[in-house]
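S.K.: missing the sequence, but the structure's below:
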DNA sequence: CATTTCATGTCGCGG
DNA sequence: CCGCGACGTGAAATG
């Protein structure tokens, strides 16, 4: 890992072209050759960058100014960095990172709900997870106490897209005489008001899911075995 | 901008929880207080981060180890960084960045198709670009050889969202007796199978656009003047 | 390897 | 401030 603080100008050419006027920035060069150009603001996204695999060639332009050219070995995208003044240039041995451990994503939520479908509605029984349709899999297909089909769409955060998605599934599923009538449940840890309005308007019910409670149920169950 | 190279452990709690075991990494602290944790690989996305607005509190844990706690002032998300050993710690004055100048493909594609609507369908004539409706502008409004209205939605990559968008426009436009009947064309440089199925099912035709060929037509035309 | 879906998405625009 | 769409989306899982 090499860190350079320098007054520089950057030009990118690839799927689009982009230009950064001369200013002081931080250049991060990772062990795999990838380059990040960061300013002192914004968020985690660099102003400009080159993803691996790529190669960095250090040279000089016609005026003798230091020039780096980073080229993607795969796509041919290029990043040209003109270094007017280097304030700092240091390298550090980092070693391989053990990696990130995450907890609490949609997949886990789907697993928990698949194991406890009744939390979505009394008497609900799981028929199948990732129920296949022509336009993609329905997260959960269930049957209610009356034996009617229920399609469940699960999101971490319930927004309008999710309702649209479930609507498409329902439209398709309801054309199948073996399944119809199919009703829908939109399940999420939190549901935005607009999404709730749209869902309700389309006869889709909403279920707010308590992730911690579900995990608790799961743990309690696991302890029995 | 402060750059710290340190052996550290990181724990994030927010929309999800995530843990980084003890290892040597680069910590980037921007002027607005935001923090990025980078390893020597991956891509431009940090292993962990905190977006502004946030505050960084430096202190020590119960064992006397240096501990940073970064808290989002808005969402309450927190990032806890334990620093076992600091290899380097430097600060740099960067100043305000003049910002990125982009020259994209999306808008250009719309301009080219506006100039050559017949490539989307024989006899097609442009009525207006960015045709206004209550729910947003239609990319291109045209008329075909028979004088019927045609709404065109343009995407670089044709996916299901684009079909949904065009469907909403068509539904609205077809309520206008001066325009109706309006048919739709979904134009993109590439159209995903699922999007094509949905479009076809809804009576929307698909047009795959050759960007380079269009640009070539435009250049040839420009040479005449 | 192509494709689809998820993301602590982020970013920017318009109402 | 919120909704919505684009992104050099990237990255992971899956067939």
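M.R.: Structure's in. What do you need? Because the structure is predicted, anything quoted here is derived from the model rather than measured.
S.K.: distance check, residue A:30 against DNA strand C.
M.R.: 18 Å (Cβ to the nearest atom of the strand, to the nearest Å). For the C-beta atoms, the positions are set from N, CA and C on the backbone; glycine is no exception.
S.K.: look up the pLDDT of that residue for me, please.
M.R.: Looking at residue A:30, its pLDDT reads 94.
S.K.: surely it is in contact with residue B:40?
M.R.: Yes: counting by Cβ atoms under 8 Å, residue A:30 does reach residue B:40; the two are 5.3 Å apart.
S.K.: now the common contact residues for the two.
M.R.: Contact criterion Cβ atoms under 8 Å, 6 or more residues apart in numbering or on different chains; residues shared by residue A:30 and residue B:40: residue A:1.
S.K.: that's a helix at residue A:218, yeah?
M.R.: Yes: counting by DSSP: H, G, I helix; E, B strand; the rest coil, residue A:218 is found in a helix.
S.K.: sec struct for the residue of chain A positioned farthest from its centre, please.
M.R.: Relative to the mean C-alpha coordinate of chain A, counting by Cα atoms, centre = their mean, the farthest residue is residue A:63 (43.8 Å). Reduced to three states with three-state DSSP, the structure at residue A:63 is coil.
S.K.: do you know how far it is from residue A:48?
M.R.: 22 Å (Cβ to Cβ, to the nearest Å).
S.K.: also residue A:169?
M.R.: Taking Cβ to Cβ, one finds residue A:169 at 40 Å from residue A:48.
S.K.: near DNA strand D, which residues of chain A are found?
M.R.: A:12, A:14-16, A:18, A:48-51, A:72, A:77, A:79, A:160, A:192-194 (Cβ under 7 Å from any atom of the strand).
S.K.: drop anything exposed from those.
M.R.: A:12, A:18, A:48, A:49, A:50, A:51, A:72, A:77, A:79 (16 or more other Cβ atoms under 10 Å in any protein chain shown).
S.K.: now narrow the residues you listed to whatever sits close to chain B.
M.R.: Among these, the residues that sit close to chain B (Cβ under 8 Å from any Cβ of the partner chain) are A:18, A:48, A:49, A:51.
S.K.: residues contacting the first one?
M.R.: Residues in contact with residue A:18 (Cβ under 8 Å, 6+ apart) are A:11, A:12, A:48, B:100, B:101, B:102, B:103.
S.K.: what separates it from residue A:12, distance-wise?
M.R.: Per Cβ to Cβ, residue A:18 is found 4 Å from residue A:12.
S.K.: what sits in contact with each of those two?
M.R.: Residues touching both residue A:18 and residue A:12 (Cβ under 8 Å, 6+ apart) are residue A:48.
S.K.: now do the SS call for residue A:80.
M.R.: strand.
S.K.: surely it meets residue A:17?
M.R.: No: between residue A:80 and residue A:17 there is no contact under Cβ under 8 Å: 10.9 Å.
S.K.: now do the shared contacts for these two.
M.R.: Common contacts of residue A:80 and residue A:17 (Cβ under 8 Å, 6+ apart): residue A:11.
S.K.: and the two? which has more neighbours close in?
M.R.: The neighbour comparison of residue A:80 against residue A:17 (other Cβ atoms under 10 Å in any protein chain shown) goes to residue A:80, with 16 against 13.
S.K.: show me the contacts for that one.
M.R.: Here residue A:80 is in contact with A:10, A:11, A:12, A:13, A:67, A:68, A:69, A:70 (Cβ under 8 Å, 6+ apart).
S.K.: go again using 7 Å as the cut-off
M.R.: Residue A:80 is in contact with A:11, A:67, A:69, counting by Cβ atoms under 7 Å, 6 or more residues apart in numbering or on different chains.
S.K.: figure out the helix or strand that the last one lives in.
M.R.: Under the criterion of DSSP states H and E, residue A:69 resides in strand A:66-72.
S.K.: mind listing the helices for chain A?
M.R.: For chain A, the helices defined by DSSP state H occupy A:106-115, A:160-173, A:193-201, A:211-223.
S.K.: columns distance to chain B and mean pLDDT on top of these, output as JSON lines?
M.R.: Shown next, in JSON lines, are the helices of chain A (distance: least, Cβ to the nearest Cβ, whole Å; pLDDT from 0 to 100):
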{"stretch": "helix A:106-115", "distance to chain B": "9", "mean pLDDT": "83"}
{"stretch": "helix A:160-173", "distance to chain B": "6", "mean pLDDT": "86"}
{"stretch": "helix A:193-201", "distance to chain B": "12", "mean pLDDT": "86"}
{"stretch": "helix A:211-223", "distance to chain B": "10", "mean pLDDT": "75"}
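S.K.: and those helices, which is most packed in?
M.R.: Mean neighbours per residue, mean count of other Cβ atoms under 10 Å in any protein chain shown, is largest over these for helix A:160-173, with a mean of 20.
S.K.: that helix to helix B:193-201, inter-axis angle?
M.R.: Going by axes from the mean of the first three to the mean of the last three Cα atoms, to 10 degrees, helix A:160-173 is angled at 60 degrees with respect to helix B:193-201.
S.K.: which secondary structure elements does helix A:160-173 sit against?
M.R.: Judged by 3 or more Cβ pairs under 7 Å, 6 or more residues apart in numbering or on different chains; DSSP states H and E, the packing partners of helix A:160-173 are strand A:149-158, strand A:182-191, helix A:193-201.
S.K.: what about the last one, distance to the chain center?
M.R.: What it means is helix A:193-201. Centroid separation for helix A:193-201 versus its chain: 24 Å, with Cα atoms, centre = their mean, to the nearest Å.
S.K.: now do that helix against strand A:182-191, angle only.
M.R.: Following the same axes, to 10 degrees, one obtains 160 degrees for the angle between helix A:193-201 and strand A:182-191.
S.K.: so does helix A:193-201 get close to DNA strand C?
M.R.: No: Helix A:193-201 does not reach DNA strand C (Cβ under 7 Å from any atom of the strand); its nearest approach is 12.1 Å.
S.K.: what lies in contact with that helix?
M.R.: For helix A:193-201, the external contacting residues (Cβ under 7 Å, 6+ apart) are A:158, A:159, A:160, A:162, A:163, A:186, A:206.
S.K.: strand A:149-158 and that one, what's the angle between them?
M.R.: Helix A:193-201 runs at 170 degrees relative to strand A:149-158, counting by the same axes, to 10 degrees.
S.K.: could you report the pLDDT at the residue nearest to residue A:29 when sequence neighbours are not counted?
M.R.: Ranked by Cβ to Cβ, 6 or more residues apart in numbering or on different chains and with sequence neighbours excluded, the top spatial neighbour of residue A:29 is residue A:2, at 4.2 Å. Here the pLDDT value assigned to residue A:2 is 97.
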